[in-house]
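Visitor: starting from these lines, generate the structure:
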Amino acid sequence: MKKITTLLNTAILLSCLGIGSPAIQAVTLSEGVEVDGIVAIINNSLITRSELEKEINEVVERFESAGNQLPPMSIIEDQLLEKLITIRLQLDEAERLGISVTPDMLATAIGNIARKNGLTITQMRESLEADGMSFKAFRKKLEQEIVLSRLKNKEIISKINVSDAEIDNLLKHDKTIGRKNMEYRLQHILIPLPDAASPGQIANAKEKTLEIMTRLQNGEDFERLAMLESKGQNALNGGNLGWMKPAQLPSTFVDMVAELNPGQVAMPVRSSSGFHIVKLADVRGEGMNTITQTQARHILISTNEMVSDNDARTRMEQLHIRLEGGDDFATLARSHSDDKGSAIKGGDLGWVDPDSVVNKFQEEMDNLQPGEFSKPFRTEFGWHIVQVLDRRDFDNSEKVLRSEAREILVNRKAKEAYELYLRRLRDEAYVEKRLTEL
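Guide: Modelled structure (predicted):
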């Protein structure tokens, strides 16, 4: 199951920026359902002891199987309860906004995960159940992941703007741009600061941070210190943030990572959330910016209320016969193609980047040698004939660099906006923790 759940978390995580996905079955206070002990009340919902125990058991099992020493149980309980509360707040907000997952969306996501793991749905179900996870629980977990991702896209990503000036500035100063295929494995320790922290609180957090740095410099293990001292969401995993591409790096870490060699720990930095200590555990991958472009032209006959699919196909077959008889492709495109943008240029599409057209069109181009034209084929846009004129290897560095820079800026802004968003949800909610009462 490790392979399957890792892929699930990676595919959706991205997006959820490290937030976990426990299968929360919170009971609303209005239901009058008998519960086994309440560990937290969040607005009109609650989290039960059994939910928390389920998360604790999973963490304990993971530590024991890896042969790692557990941090104190009070730390485990508090961090996992915070995680449950954070996700409950987001799920409640998603429900308020009408964000949900349709059966078709869920089925598509499950199918994608199965294919990426090289399994059929039946094989994936058997694998999950063999490892003690019911398929129903897996579906519920995935459904919640998708809801969290859609909430983030609606409330954060869709509202982010990036200017050309910001891209230019990033390209000028960021040493990691152009290394998109490189990945960094980071470990992280967070010493948090509250909103509007007092000078005394800042001084105490800074002192604690410097104390941890001294312990690291004296040879103490980073993972163990992260488990004991960090308040980050990945603390119980030794502060391990996993493999991340440059675009996924929090903006606070970008400059320091560019200066580190694997195994090195950067000097602490401060952000709005607190003081950070980061270790670059490993690096892998290398940049590639050369692509194969295809110079092509095409003729399109669209289908609509006036032109049936059969009529469009018949017309295209007649044009294909004329091409085989020696008629000029450009002349036929200008006279008959419904793609008006390319028709005036004799159907010329210019140099086409890989995957910049729909899959069927790309497949037809890939099967042709320069000078050849295809038989009529259909896409969602109608019926086509495509002719390949030439191919070339193209240095796409500038476009790749700007696209990567834009992605990095969006992710940076999203990371910071997401942290503020979660803090706002928490500040506006009624949250009562009852760990000490049990």
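Visitor: what about the strands in the stretch 151-300 of the chain?
Guide: 183-192, 240-244, 269-271, 274-284, 290-301 (DSSP state E, counting those that start in this stretch).
Visitor: quick one: low-confidence ranges for this structure?
Guide: Within the chain, the segments meeting pLDDT under 70 span 1-36, 175-176, 179-180, 286-289, 436-438.
Visitor: repeat the analysis, applying 50 as the threshold.
Guide: 1-3, 5-35, 438 (pLDDT under 50).
Visitor: what's the angle from the lengthiest strand in it to strand 290-301?
Guide: For the chain, the strand that runs over the most residues, judged by DSSP state E, is strand 382-395. Here strand 382-395 runs at 160 degrees with respect to strand 290-301, directions being taken by axes from the mean of the first three to the mean of the last three C-alpha atoms, to 10 degrees.
Visitor: show me what strand 382-395 packs onto, helices and strands only.
Guide: Under the contact criterion of 3 or more C-beta pairs under 8 Å, 6 or more residues apart in numbering; DSSP states H and E, the helices and strands touching strand 382-395 comprise strand 290-301, helix 309-324, helix 359-366, strand 377-379. All C-beta atoms are positioned from the backbone trio N, CA, C, and that covers glycine.
Visitor: now do 10 Å
Guide: Using 3 or more C-beta pairs under 10 Å, 6 or more residues apart in numbering; DSSP states H and E as the contact criterion, the secondary-structure elements in contact with strand 382-395 are strand 290-301, helix 309-324, helix 329-336, strand 348-352, helix 359-366, strand 377-379.
Visitor: how far is that strand from where the chain is centred?
Guide: The gap between where strand 382-395 is centred and where its chain is centred comes out at 32 Å by C-alpha atoms, centre = their mean, to the nearest Å.
Visitor: what helices or strands is the helix or strand just after that strand leaning on?
Guide: Using DSSP states H and E, the helix or strand that follows strand 382-395 towards the C-terminus is helix 397-428. Contacts defined by 3+ C-beta pairs under 10 Å, 6+ apart place helix 397-428 against helix 2-16, helix 73-96, helix 135-155, helix 164-173, helix 251-258, strand 290-301.
Visitor: recalculate using a threshold of 8 Å.
Guide: Applying 3+ C-beta pairs under 8 Å, 6+ apart, one finds that helix 397-428 contacts helix 73-96, helix 135-155, helix 164-173, helix 251-258.
Visitor: so residue 143 makes contact with residue 106?
Guide: Yes. Using C-beta atoms under 8 Å as the test, residue 143 is close enough to residue 106 to be in contact (5.7 Å).
Visitor: which one of the two is surrounded by more residues?
Guide: Higher neighbour count among residue 143 and residue 106: residue 143, with 19 against 15, using other C-beta atoms under 10 Å.
Visitor: the nearest residue to that one once chain neighbours are set aside: what secondary structure?
Guide: Nearest residue to residue 143, sequence neighbours excluded (C-beta to C-beta, 6 or more residues apart in numbering): residue 101, at 5.0 Å. Per DSSP: H, G, I helix; E, B strand; the rest coil, the secondary structure class of residue 101 is coil.
Visitor: the helices and strands packed on helix 397-428: which one's closest to residue 434?
Guide: Across those, the minimum distance to residue 434, taken as C-beta to C-beta, is reached by helix 73-96, at 9.4 Å.
Visitor: list the buried ones in whichever helix or strand comes after that closest one?
Guide: Moving toward the C-terminus from helix 73-96, the next helix or strand (DSSP H and E) is helix 103-116. Counting neighbours by 16 or more other C-beta atoms under 10 Å, one finds that the buried residues in helix 103-116 are 109-110, 113-114.
Visitor: so what does helix 103-116 touch, helix or strand wise?
Guide: helix 2-16, helix 121-130, helix 135-155.
Visitor: so what's residue 382 up against?
Guide: Contacts for residue 382 (C-beta atoms under 8 Å, 6 or more residues apart in numbering) come out as 300-303, 312, 338.
Visitor: ok, residue 254 touching residue 246?
Guide: Yes. When contacts are counted by C-beta under 8 Å, residue 254 is listed as touching residue 246 (7.4 Å).
Visitor: comparing the two, which residue is more hemmed in?
Guide: The residue with the greater number of neighbours, taking residue 254 and residue 246 and applying other C-beta under 10 Å, is residue 246; the counts read 25 against 19.
Visitor: isn't the more buried one right up against residue 181?
Guide: No. With the criterion set as C-beta under 8 Å, residue 246 and residue 181 do not qualify as a contacting pair; they are 9.6 Å apart.
Visitor: so this structure: which segments form each domain?
Guide: The chain resolves into domains spanning 2-155, 178-287, 290-395 when parsed by automatic domain parsing.
Visitor: may I see those domains arranged in a markdown table, with distance to residue 426 as well?
Guide: Listed next are the domains of the chain as a markdown table, based on distance: least, C-beta to C-beta, whole Å:
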| stretch | distance to residue 426 |
| --- | --- |
| domain 2-155 | 6 |
| domain 178-287 | 10 |
| domain 290-395 | 41 |
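Visitor: of all the ones you listed, which one is nearest residue 405?
Guide: Across those, the minimum distance to residue 405, taken as C-beta to C-beta, is reached by domain 178-287, at 9.0 Å.
Visitor: please state the offset of the closest one from the chain centre?
Guide: Using C-alpha atoms, centre = their mean, the mean C-alpha position of domain 178-287 is found 20 Å from that of the whole chain.
Visitor: mean neighbour count and distance to residue 328 added to the strands of the stretch 151-300 of the chain, as a markdown table?
Guide: Conversion of the strands of the stretch 151-300 of the chain to a markdown table gives the following (neighbours: other C-beta atoms under 10 Å; distance: least, C-beta to C-beta, whole Å):
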| stretch | mean neighbour count | distance to residue 328 |
| --- | --- | --- |
| strand 183-192 | 22 | 50 |
| strand 240-244 | 18 | 53 |
| strand 269-271 | 15 | 63 |
| strand 274-284 | 20 | 52 |
| strand 290-301 | 20 | 11 |
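Visitor: can you say which of those is nearest to residue 68?
Guide: With C-beta to C-beta as the measure, strand 240-244 is the member of these nearest residue 68 (11.6 Å).
Visitor: just the angle between the closest one and helix 397-428, please?
Guide: Going by the same axes, to 10 degrees, strand 240-244 makes 150 degrees with helix 397-428.
Visitor: quick one: list the elements packing against strand 240-244.
Guide: In this structure, strand 240-244 packs against strand 183-192, with contacts taken as 3+ C-beta pairs under 8 Å, 6+ apart.
Visitor: how about the strand it packs on as PDB, C-alpha atoms only?
Guide: Output of strand 183-192 as PDB, limited to C-alpha atoms (Å, rounded to 0.1, in the frame of the first residue of the first chain):
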ATOM      1  CA  GLU A 183      14.400  17.900  -7.100                       C
ATOM      2  CA  TYR A 184      15.400  18.700  -3.500                       C
ATOM      3  CA  ARG A 185      14.800  16.600  -0.400                       C
ATOM      4  CA  LEU A 186      14.500  18.900   2.500                       C
ATOM      5  CA  GLN A 187      14.100  18.500   6.300                       C
ATOM      6  CA  HIS A 188      12.600  21.300   8.400                       C
ATOM      7  CA  ILE A 189      12.300  22.500  12.000                       C
ATOM      8  CA  LEU A 190       9.900  25.300  12.800                       C
ATOM      9  CA  ILE A 191       9.900  27.300  16.000                       C
ATOM     10  CA  PRO A 192       6.600  29.200  15.700                       C
END
